[in-house]
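> I would like the atomic coordinates for the input below:
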Amino acid sequence: MILTLQQIPAEKRMKGNPVDTYPQRVERKRDQQGRVIYEIRYDRKGLATGLYRGYNYNKSGLHTITTGYFKSGKRDSLWIETDAKGGYLEVKHYRNDLLHGSYSRYFPNHRIEIKGYYKQGRESGKWYAFSVNGSPESEMTYHPGYRHVRNFYPNRKLESEGNEKISYDASGVMTACADGTWTHFDENRNKSSRYFDKGVDRGITNFYRPDNTLDRQLERVGPLNKKYYKLIQFDLEGNIGAVDYHNDHHQEISRKEYEVYKLKYRKSIDTPCKE
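Take a look at the predicted model:
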């Protein structure tokens, strides 16, 4: 259904703007059941402008509603997605068709799931993710080329921390993979660390004592379905003690067998980041 400018009530027109920016027509697209799928307005030049509404349906009826604004054919300003009762599902801002400004996404129970800030289509500054019950799950701080990530247990204590290398494809979709040293804490606050090189797990985990001195080091090589391990114990002065070699079934193997296997699989521990 198409409405001309004259059919739009005067109070609905965009006041205070040149006539060329007034909505010249409103298009309403309907599905086979006659339900409105979207409403979009066009200016005299045929570009989308002003208020937009989109409607999504499921078997029960109206499911979600998207409301936003266009400017000269591009998304602009505030865009909101709600459920059928008006509860927020997503709130975001655009500038020149790129995400720009605050962003938030919500669980079906309307608790916030993730929030942060976009700058010209890319994540910027601090981002926060939460569980469905409202407790923090992770905190991400964005920098050029990487982000620093902190993950938390349900009791809000730190679970792991490290950097991820980030890159964007031509459509602006981000890829992230671990890079550098990642520190982990178990629920008893025992500390360990692993090292990644652009997404490749170099296969070494260090375990620390409560005083932060190195207790043992575990090196693993081989594919996921068949790994060999080398376990080095350290004394309180940092000197190497016992060294053990074993397979996935905790069966002892020789040092020579381990070194040959390591040489064979030294480059196939994990999948690297995409450049």
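> who does whichever strand or helix holds Val26 pair up with?
Val26 is part of strand 25-30, with elements assigned from DSSP states H and E. Take DSSP bridges as the rule and strand 25-30 pairs in its sheet with strand 2-4 (antiparallel), strand 36-42 (antiparallel).
> Including mean pLDDT, could these go into JSON lines?
Output for those, formatted as JSON lines (pLDDT from 0 to 100):
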{"stretch": "strand 2-4", "mean pLDDT": "34"}
{"stretch": "strand 36-42", "mean pLDDT": "95"}
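> Buried deepest among these, which one?
strand 36-42 (a mean of 17; mean count of other C-beta atoms under 10 Å). Where C-beta positions appear, they are placed from N, C-alpha and C, glycine not excepted.
> After it, which helix or strand is next? Please name it.
strand 50-58.
> what's the average pLDDT for that following strand?
Averaged across strand 50-58, pLDDT comes to 96.
> Okay, angle between it and strand 25-30 too, please.
Comparing the axes of strand 50-58 and strand 25-30 via axes from the mean of the first three to the mean of the last three C-alpha atoms, to 10 degrees yields an angle of 0 degrees.
> And strand 50-58, what does it pack against?
Contacts defined by 3 or more C-beta pairs under 8 Å, 6 or more residues apart in numbering; DSSP states H and E place strand 50-58 against strand 36-42, strand 61-71.
> Just checking: what are the partner strands of the longest one?
What it means is strand 61-71. Take DSSP bridges as the rule and strand 61-71 pairs in its sheet with strand 50-58 (antiparallel), strand 74-83 (antiparallel).
> would you turn the ones you listed into JSON lines with mean neighbour count and distance to Lys264?
Formatted as JSON lines, the strands paired with strand 61-71 follow (neighbours: other C-beta atoms under 10 Å; distance: least, C-beta to C-beta, whole Å):
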{"stretch": "strand 50-58", "mean neighbour count": "16", "distance to Lys264": "52"}
{"stretch": "strand 74-83", "mean neighbour count": "16", "distance to Lys264": "51"}
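> and of those strands, who's closest to Gly203?
Counting by C-beta to C-beta, Gly203 lies closest to strand 74-83 out of the strands paired with strand 61-71; the figure is 43.1 Å.
> Using CSV, write down the CA coordinates of the helix or strand following that closest one.
As assigned by DSSP H and E, the chain's next helix or strand after strand 74-83 is strand 88-95. The C-alpha trace of strand 88-95 is given here as CSV (Å, rounded to 0.1, in the frame of the first residue of the first chain):
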residue,chain,number,x,y,z
TYR,A,88,13.8,-4.4,24.7
LEU,A,89,15.7,-7.0,22.7
GLU,A,90,18.3,-4.8,21.1
VAL,A,91,19.1,-1.1,21.1
LYS,A,92,21.7,0.4,18.8
HIS,A,93,22.7,3.6,17.0
TYR,A,94,23.8,4.2,13.4
ARG,A,95,25.6,7.0,11.6
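> Could I get the strands paired with strand 61-71 in JSON lines, plus columns for distance to Asn133?
Converted to JSON lines, the strands paired with strand 61-71 look like this (distance: least, C-beta to C-beta, whole Å):
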{"stretch": "strand 50-58", "distance to Asn133": "26"}
{"stretch": "strand 74-83", "distance to Asn133": "19"}
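> Those: which one's closest to Ile37?
Closest approach to Ile37 among the strands paired with strand 61-71 (C-beta to C-beta): strand 50-58, 5.9 Å.
> and Val260, what element?
Residue-wise, Val260 maps onto helix 255-265 under DSSP H and E.
> by contact count, what packs against that helix?
Short answer (3+ C-beta pairs under 8 Å, 6+ apart): helix 255-265 packs on strand 214-221, strand 228-234, strand 240-247.
> Tell me the strands beside the shortest one, with direction?
Spelled out, that is strand 228-234. Short version: by DSSP bridges, strand 228-234 pairs with strand 214-221 (antiparallel), strand 240-247 (antiparallel).
> tell me the most buried of these?
The most buried one of the strands paired with strand 228-234 (mean count of other C-beta under 10 Å) is strand 214-221, showing a mean of 18.
> what's the distance between it and the middle of its chain?
Chain-centre distance of strand 214-221: 31 Å, with C-alpha atoms, centre = their mean, to the nearest Å.
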